[in-house]
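>>> My questions concern the predicted model and sequence given below.
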Amino acid sequence: MDINIRIAGEAGQGLQTAGDLLVEAFASIRLHLLSTQSYMSRIRGGLNWYDIRISDHELFAPRDDADLLVALSDNALQELRGSMMPEGLIIYDGEAEGTLTIHFDDVAKKVAGNAIMGNAVAAGAVFGLLGYDVQHLVDYLGTVFKQKGEEIITKNAACARKGAELVASKSGLLKAPPGNDGSDYVADGASAVGLGACTGGVKFVSAYPMSPSTAVLNYMASMTEHYSVLVEQAEDEIAAMNMACGATYAGVPAMTTTSGGGFSLMVEALSLAGMLELPVLVLLAMRPGPATGLPTRTGQEDLFPALHAGHGEFPRAIFAPGGLPEAYDCTRQALQIAHKYQSPVFVLVDQYLVDMHRNIPPLDPTYRPIDLMIDRTAGPDYVRYALTESGVSPRAIPGGEAFVLVDSDEHNEEGHVTEDLSVRVKMVDKRLRKGEGMVAEALPPTYYGAPEAEHLLICWGSTYGACREAVDLLAERGQSLGLLHFSQVWPLNPDQITPHLQWRDRLTVVEGNATGQFRSILAMQGLAMGAELMARYDGMPFTAREVMRRLGHE
Amino acid sequence: MDINIRIAGEAGQGLQTAGDLLVEAFASIRLHLLSTQSYMSRIRGGLNWYDIRISDHELFAPRDDADLLVALSDNALQELRGSMMPEGLIIYDGEAEGTLTIHFDDVAKKVAGNAIMGNAVAAGAVFGLLGYDVQHLVDYLGTVFKQKGEEIITKNAACARKGAELVASKSGLLKAPPGNDGSDYVADGASAVGLGACTGGVKFVSAYPMSPSTAVLNYMASMTEHYSVLVEQAEDEIAAMNMACGATYAGVPAMTTTSGGGFSLMVEALSLAGMLELPVLVLLAMRPGPATGLPTRTGQEDLFPALHAGHGEFPRAIFAPGGLPEAYDCTRQALQIAHKYQSPVFVLVDQYLVDMHRNIPPLDPTYRPIDLMIDRTAGPDYVRYALTESGVSPRAIPGGEAFVLVDSDEHNEEGHVTEDLSVRVKMVDKRLRKGEGMVAEALPPTYYGAPEAEHLLICWGSTYGACREAVDLLAERGQSLGLLHFSQVWPLNPDQITPHLQWRDRLTVVEGNATGQFRSILAMQGLAMGAELMARYDGMPFTAREVMRRLGHE
Amino acid sequence: MSDTQTLSAGLRSTPPVDPTWCPGCGNFPILKSFDKALDAAGLDRRKVVLVSGIGQAAKLPHYVTKPVNVFNGLHGRAVPPATAIKLANHELEVIITSGDGDMYGEGGNHLLHAMRRNVGVKAFVHNNQIYALTKGQASPTSDAGTPTKLQSYGVINLAFNPIAAAISQQCSFVARTFAGLPDHMEQVMLAALQHRGGFALVDILQPCVTFNKLNTYKWYKDRVRPLEDSYDPFDRAAALAKAFMWGDEIPIGIIYRNDRVSYESQLPVLKDGPLVSRV
Amino acid sequence: MSDTQTLSAGLRSTPPVDPTWCPGCGNFPILKSFDKALDAAGLDRRKVVLVSGIGQAAKLPHYVTKPVNVFNGLHGRAVPPATAIKLANHELEVIITSGDGDMYGEGGNHLLHAMRRNVGVKAFVHNNQIYALTKGQASPTSDAGTPTKLQSYGVINLAFNPIAAAISQQCSFVARTFAGLPDHMEQVMLAALQHRGGFALVDILQPCVTFNKLNTYKWYKDRVRPLEDSYDPFDRAAALAKAFMWGDEIPIGIIYRNDRVSYESQLPVLKDGPLVSRV
Ligand SMILES: Cc1ncc(C[n+]2csc(CCOP(=O)(O)OP(=O)(O)O)c2C)c(N)n1
Ligand SMILES: Cc1ncc(C[n+]2csc(CCOP(=O)(O)OP(=O)(O)O)c2C)c(N)n1
Ligand code: SF4
Ligand code: SF4
Ligand SMILES: [Mg+2]
Ligand SMILES: [Mg+2]
């Protein structure tokens, strides 16, 4: 049993505040919840909405239609009243047939003398309508406004109670799920990645603001004191990636945060990290392109660029977490692989995942840096690019006894420029041997659904939730569907994949792009040949129902 | 019957001048010739060599070993005397056992009072040693030094004659091929691409110097007057590619020239050209990477970046000429495809091809611009991104009756920014439909060798010559080998390819990179699955003997 | 390509030319003065190309009242295409309108070398001393101490001084105006549009009412000082002195100009008419 | 990976530290003075990191007599890694040596913002007013009229003025010296190495005997003018006047400095020791 609440209105009407309030309050009463945001590329006006799905069981994806629409503008009402569940309810900040009218700002003005607290009224109304005790919301208001003082708390509390009161008569109309074992720890994509980076030992972040990656950059900036992280806003993305190379050369784990367009400016320095064999973490928060594209929408169009951009050949790894706990784990794993193989590593997320809030078992905040695998014993005879069987050379950092020479030209073991072509071949082989080590440590894909299902969905990154829920819905109808999810999309280890594919009679790759980039990468390795493609590229995330519709089940 | 002459010495010793003299002189006596250059990334010193292969039949690739080594430095003698054909001869500018000594600069000083004319002495010695009439060399000196006046010509002529005289006793030791039907028109990679661009209508070139692309840029600059080409040295590669987008928007065919590292800086603007649907030609002259890599060597490592770099999804085409006449034709074809499908198009060459000289039937210098397909009739109601069946919208240029709006955000048909997701889907489909048109016009691969050969070599771009000569050499030994060459590597039309592959029992993809990039691209399309890879990545071009050696025939 | 798959709500876009700026934004008066200056300059709009990067300011080309040609490129990359459009067809009037982050941050190198090259392009920079569209990070021109979500200790970097930088490279026309003085803006914009001597830079102080709580309309109003009538913009030393005035007094007007000649007027390849006519 | 496939000649590289510069190149005296200045500054070479881009000048880190740490990055991209190395471990002495094309052309934006950020990095720019390694195209500092293979009509752009640009952004240490005056070079380099107030720029006039036939040793010798003893580099107006002197007289020495404080000294996150010690 689950309810999808959609708060919609113009940018600047406090949607975000109301949504965040409700998310935390619902978590405090142990509901399972998952929230997603859809907003336009503007600071004021337009049409934005904040969806909060609540349930008595684990949720993994958003839903298309709303059970409860809270429309703060007439545009919101007109545009979104067509996407309601059959017995959906609408609270509207105006007069319209078939809606419950509450003038949020006026009520707030009356009750607390400040229209800006209209979002507390809205939150209270939602709580009341769903039959939850508004006291939980009031309690949460106490915590969140603690620094702002009693007066603010009491005023907001009054607004919330008034909201609930105004809908008391309608309370219970919607069958609201009971809170049970939902966690009271609410994570979001940005802080999950950020916490993974901070606890993993990242000490230097150089980046240039670009949605949807800015949320991760802001999180890292907020952690400057707590985890001693230096966050530098670079003049452009070229500086950001080259700075990350310098910082990691000097011995501190470094990362940059960007989106597709910014990453396209980092491509030369990515090749530098490959040639100098430097561990650098690139957090690529994808949005639809090409060029400026849809700045605030979601998509999975930058897998090919992450894999093949960058002149010359060098190993790299690419992780793509499927959800929130995974965003934390993948970031730490990416940091470790980067340092173990002295190579650039990507974590691919997208606007949908960055802005997603979900209550999950608490993420461990303790500082547990990954093994930097730095050779602190190196002396004056140290050479940076010693040829080794694994291809990984002992890595010292400047400032100790060893002199550390790195060079973007082809170089010999000492790090001096070479034009000796036999040395060149040895160095190419050495760098690429590291890639073989990465294959051996690749995270295997995870299987979900009936083991014997003949039709297998294959997906990567954030499409996991919608596919998993589609599998569950079909299972309820007695139809078996398998799901193979990749949270590491490069390098791939065919031995971990082929067993899942061999005997299936239908394969469908689900991707948030139009050309089936992951399907091509699988084909490149002789895997899943002839698979169908389920492509979405309108800027919105997949939902279980959309997956079902595409499979012909709706 | 063919002779490989290798002139070797330090940068600054006039290798280039001596080599160019001989190439033109040999062409004037209707020999077939092919020259290649190997030089280090320095202005003085080191070891460079200039190979000139002459024959009485068409040549397509260089050879590993020399029949005649002209060593201008002792380093050259030591390093290269190990790469001689059995009865090879060595002329050395010093005393060494088993060499013919000529102190070129001293002779020139004595004969013409100017040591700098040592290269004329060397050229004369080569001509004499091979039994050719030095008068032909003298005649050519007359033409090349015409502007420099009689005195220079007579002095150089005296040096040439003296050179021939000093080796007269040894003349005929090497069985020199007779001149017959070789063309007296000598082309090189840079001017073949440049002439294709100029005659094709390119009017604007914006680029940043980077070997090996600078040779093409210099050619375009030399054509400023003759073909009214504006050549602008940009402050960086980002400016260069964004300038090309501006110029082509304004209505002039535009190109940029760069190498892998520079292209990595152009990737964001490549995506801009894709989104604004602008025809832009990118001449990518490849060299080994990653990063600065081997600046003066050759390689084919930037196919993946050319195909997949650039955030978001948009169509592009990639041409890769196999030799000199093709470099001219591919450039014109690339310009036409770019303008027909309003998309960025690549011509991939490399250092080996850019510096290659070869006498071929004359390339047509007449100005025959490709069809720019500009809509000159558009009026005030014009919209730039009209949705059409082919995906190609009529393209007007600013300055006429129509207002031309282009935008890097997702846009509607008028070119205004849109966040309407249904318009978004239509625009993605429209842009990608253009790619389907390109597939239909893809240049089919060319087949060479015995049609029924069971073992097929597959190659692309400049590796054609070595593979073709290997096929010929094996045919002489009664062994059949097929060759399928791609001068257009994207998009691929499987219908033109599958027939060549189906029944073969061995496929080998020959590439100048380590990871088999074209083999992966074929596999992505389900083609040539399981093909072997013949990879060279030491910075040197393939030769027929190297191909044979790799196939186990030497 | 699969079938359409949009949210059933069929989210229609707001009418194309309705500005997405915040009510009270400094971009509105700039747009107004800009439209008036275009008319005053008597430009044939079919020959006008507005080039912009990405940011709130860079949206202006979509909002001008009468139709013009528009090239809305990438963030920080308005100057190179504008330069190339002018070289490809120097009969066009090419005007850049973009933000301070765009022109002085991401696009700093292009601005620097555009001043050296001196192609006849006009650059109007909406300097709100903040990154507005990405919600309030510091821009190169943010005053030291400005608090932002990203600069945890407030801005430490010294603010970029566009006027002094321009004069240091002998940019052929350097001016500053303020969104709060429409007439002053219109005069300065008109002078820039009529400048024939190559590259013109106009830095327009533009309050961002949402994110820049420091440099408000009032803050600027109390500090801007129109140049005295006796001022001679051809006097480089005087111009440099004005260029370093910020804080209590901020000089506005045509601060520096010289008699350099435009790049396109010196290119032999263009002497027989625009390049686009030679195709 | 397949077997080795090199030309059977087994082309051995020249010994790693043998400079590939042309005989008579201005880089040789710069290298010499640089080595001496490093010693004079008493720097512990294990704590010195030489950062460079790509070009003839950028090869210097490989040729210094005593070993140091080297980060030889990409063309135009020496400043960002140098900045980050200093921030990651501010106990290191970070010195950039690169060319004029590298620092003023490809890397112009990084230099501009490095002066604003004022991290304690020293930038020694070998200004031979040409792109030497790529065989003679114009650089941003090439004098107008310089003939090159690429500039068919000779250089038309106005030369970039690094000194004036630096002063315009109140760079904390701005100097110029000449490869033909070893002692002067050594003194200026030493002063820069000892500068504690943040970013230092030293523009070193360096004859390229192969490609720059205009600005030769003699050309510079006739024109360089060491600053008079009475000169006060803290006087910005005086410094600006010197900055615009070129051609007949070229002032050399410490042209401008101010008392700005380095970026790293203001970051609370670094107050308890270098970042690298907190991992
Ligand atoms: C390559 C790239 N990096 C970052 C961004 C994100 N971005 C969009 S607008 C903007 C800053 C805008 O600031 P400014 O130019 O001052 O314009 P304003 O919004 O303040 O008018 C940024 C960083 C982008 N679009 N492209
Ligand atoms: C991205 C990129 N573009 C271009 C080049 C080619 N390149 C190498 S050195 C150089 C210019 C060097 O000039 P400068 O910095 O003045 O050094 P100099 O050789 O004059 O000492 C160029 C353009 C490159 N290596 N990388
Ligand atoms: S954020 Fe600032 S600059 Fe942008 S529209 Fe709003 S007020 Fe104007
Ligand atoms: S080309 Fe010029 S700068 Fe380069 S090494 Fe030779 S003389 Fe020196
Ligand atoms: Mg701004
Ligand atoms: Mg130089």
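Here it is on my side, so go on. Ligands and ions are numbered 1, 2, ... in the order given.
>>> Can you list the residue ranges for strands in chain C?
Taking DSSP state E as the criterion, chain C carries its strands at C:48-52, C:69-72, C:93-99, C:122-127, C:173-178, C:200-205, C:224-226, C:250-257.
>>> Turn these into JSON lines, columns for distance to A:Leu443.
From N, CA and C alone the C-beta is placed, and that goes for glycine too. Listed next are those as JSON lines, based on distance: least, C-beta to C-beta, whole Å:
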{"stretch": "strand C:48-52", "distance to A:Leu443": "43"}
{"stretch": "strand C:69-72", "distance to A:Leu443": "41"}
{"stretch": "strand C:93-99", "distance to A:Leu443": "42"}
{"stretch": "strand C:122-127", "distance to A:Leu443": "47"}
{"stretch": "strand C:173-178", "distance to A:Leu443": "56"}
{"stretch": "strand C:200-205", "distance to A:Leu443": "51"}
{"stretch": "strand C:224-226", "distance to A:Leu443": "59"}
{"stretch": "strand C:250-257", "distance to A:Leu443": "57"}
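>>> how about a markdown table for those, with mean pLDDT added?
Listed next are the strands of chain C as a markdown table, based on pLDDT from 0 to 100:
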| stretch | mean pLDDT |
| --- | --- |
| strand C:48-52 | 98 |
| strand C:69-72 | 97 |
| strand C:93-99 | 98 |
| strand C:122-127 | 98 |
| strand C:173-178 | 98 |
| strand C:200-205 | 98 |
| strand C:224-226 | 97 |
| strand C:250-257 | 98 |
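>>> mind checking which of those is nearest B:Val111?
Counting by C-beta to C-beta, B:Val111 lies closest to strand C:93-99 out of those; the figure is 59.8 Å.
>>> With mean neighbour count added, can I get the strands of chain C in JSON lines?
As requested, those are exported to JSON lines (neighbours: other C-beta atoms under 10 Å in any protein chain shown):
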{"stretch": "strand C:48-52", "mean neighbour count": "28"}
{"stretch": "strand C:69-72", "mean neighbour count": "28"}
{"stretch": "strand C:93-99", "mean neighbour count": "29"}
{"stretch": "strand C:122-127", "mean neighbour count": "27"}
{"stretch": "strand C:173-178", "mean neighbour count": "27"}
{"stretch": "strand C:200-205", "mean neighbour count": "27"}
{"stretch": "strand C:224-226", "mean neighbour count": "16"}
{"stretch": "strand C:250-257", "mean neighbour count": "22"}
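>>> need those in a markdown table with distance to chain D, can you?
Supplementary listing: the strands of chain C in a markdown table, determined by distance: least, C-beta to the nearest C-beta, whole Å:
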| stretch | distance to chain D |
| --- | --- |
| strand C:48-52 | 19 |
| strand C:69-72 | 22 |
| strand C:93-99 | 16 |
| strand C:122-127 | 15 |
| strand C:173-178 | 12 |
| strand C:200-205 | 13 |
| strand C:224-226 | 20 |
| strand C:250-257 | 12 |
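>>> Tabulate those strands (JSON lines), appending distance to ligand 6.
Converted to JSON lines, those look like this (distance: least, C-beta to the ion, whole Å):
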{"stretch": "strand C:48-52", "distance to ligand 6": "31"}
{"stretch": "strand C:69-72", "distance to ligand 6": "33"}
{"stretch": "strand C:93-99", "distance to ligand 6": "30"}
{"stretch": "strand C:122-127", "distance to ligand 6": "28"}
{"stretch": "strand C:173-178", "distance to ligand 6": "29"}
{"stretch": "strand C:200-205", "distance to ligand 6": "28"}
{"stretch": "strand C:224-226", "distance to ligand 6": "42"}
{"stretch": "strand C:250-257", "distance to ligand 6": "29"}
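>>> would you turn those into a markdown table with distance to ligand 3?
Formatted as a markdown table, the entries for those read as follows, by distance: least, C-beta to the nearest ligand atom, whole Å:
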| stretch | distance to ligand 3 |
| --- | --- |
| strand C:48-52 | 14 |
| strand C:69-72 | 16 |
| strand C:93-99 | 8 |
| strand C:122-127 | 8 |
| strand C:173-178 | 15 |
| strand C:200-205 | 12 |
| strand C:224-226 | 18 |
| strand C:250-257 | 19 |
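>>> among the ones you listed, which is nearest A:Ser35?
Distances from A:Ser35 to each of the strands of chain C were compared using C-beta to C-beta; the shortest belongs to strand C:93-99, at 31.8 Å.
>>> is any part of the helix or strand following the closest one close to ligand 3?
Sequence-wise, the next helix or strand downstream of strand C:93-99 (DSSP states H and E) is helix C:100. No. With C-beta under 6 Å from any ligand atom as the threshold, helix C:100 lies outside contact range of ligand 3, at a closest distance of 10.3 Å.
>>> Show me what helix C:100 is packed against.
Helix C:100 makes packing contacts with strand C:122-127 when contacts are defined by 3 or more C-beta pairs under 8 Å, 6 or more residues apart in numbering or on different chains; DSSP states H and E.
>>> And the contacts of the strand it packs on?
Among residues not part of strand C:122-127, those counted as contacts by C-beta atoms under 8 Å, 6 or more residues apart in numbering or on different chains are C:26-27, C:30, C:34, C:56-57, C:60, C:78-79, C:82, C:94-100, C:103-104, C:111, C:114, C:141, C:162, C:179, C:189, C:192-193, C:195, C:199-206.
>>> Now do stretch A:536-551: distance to the chain's middle.
Mean C-alpha position of stretch A:536-551 versus that of the full chain (C-alpha atoms, centre = their mean, to the nearest Å) differs by 18 Å.
>>> Stretch A:132-151 too?
Relative to its chain's centre, stretch A:132-151 lies at 29 Å (C-alpha atoms, centre = their mean).
>>> any residues touching that stretch, and which ones?
Applying C-beta under 8 Å, 6+ apart, the contact partners of stretch A:132-151 are A:21-22, A:24-26, A:28-29, A:120, A:123-124, A:127-128, A:152-153, A:156-157, A:160-161, A:163-164, A:176.
>>> just checking, which of those belong to helices?
Using DSSP state H to define helices, the subset of the contacts of stretch A:132-151 located there is A:21-22, A:24-26, A:28, A:120, A:123-124, A:127-128, A:152-153, A:156-157, A:160-161, A:163-164.
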